[in-house]
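1. Model the structure of this input:
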Amino acid sequence: MNIPSKALIPAVLLLALSAVPPAHARGHKSTPLAFEELPPVCQKYFKRAEACYAKAGEKASLYHAGNTKMLYQSLPAATPQQRTEMCAIAAASFTDKAKALKCE
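-> Numbers count the residues shown, from 1 in each chain. Model (predicted):
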C-alpha cells in the first residue's frame, strides 16, 4: 500500500494515541511541554521543521505547519516512549516534506 507522506503523520498520531488512555486516567500532564522537556529526537525535529517552514514561507502552508503543531500538541498525552517514537517517525518522514518544500 502506498500512503502519501503528507497523510503519514496524522495517521501515525492517530494510531499511536488510539492505544493511550486519556491523560487524566494516567496522570500525564495535558498542558504543553516545555521545549526542554521534549525528548532529544523531538527537539531536533521541531528545530528542523521550524527552520524549514521559515525558509519555505507560504509554500509551507498551513497544512504542513499544522501537522507539526498537531504533533507538538499531542505529546503531553503520550508516554515518554511514545513521544520518542512519534517524533522519530515524524523526523523520518520529514525528508520528503523538506524536499517538496525546497527548504533544505
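2. after the helix or strand bottoming out on mean pLDDT in the chain comes which helix or strand?
-> Across the helices and strands of the chain, mean confidence by mean pLDDT, DSSP states H and E is lowest for helix 23-26: a mean of 46. Sequence-wise, the next helix or strand downstream of helix 23-26 (DSSP states H and E) is helix 40-56.
3. buried sites along that following helix?
-> 41-42, 45-46, 48-49, 52-53, 56 (16 or more other C-beta atoms under 10 Å). Heads up, the C-betas are built off the backbone N, CA and C, glycines and all.
4. Which neighbouring elements make contact with the longest helix along the chain?
-> For the chain, the helix with the greatest residue count under DSSP state H is helix 80-101. Under the contact definition 3 or more C-beta pairs under 8 Å, 6 or more residues apart in numbering; DSSP states H and E, helix 80-101 sits against helix 5-18, helix 40-56, helix 61-74.
5. Lowest average confidence across the ones you listed, which one?
-> Mean pLDDT is lowest for helix 5-18 among the helices and strands packed on helix 80-101, at a mean of 50.
6. Name the nearest residue to the spatially most central residue of the chain, sequence neighbours excluded.
-> Nearest residue to the geometric centre of the chain (C-alpha atoms, centre = their mean): residue 71, 3.5 Å. Of all residues not flanking residue 71 in the chain, residue 90 sits nearest, at 5.6 Å (C-beta to C-beta, 6 or more residues apart in numbering).
7. Residue 86 contacts residue 74, correct?
-> Yes. Using C-beta atoms under 8 Å, residue 86 makes contact with residue 74 at a distance of 7.3 Å.
8. Ignoring the adjacent residues along the chain, who's closest to residue 84?
-> Residue 84 sits nearest to residue 39 (C-beta to C-beta, 6+ apart), 4.5 Å away.
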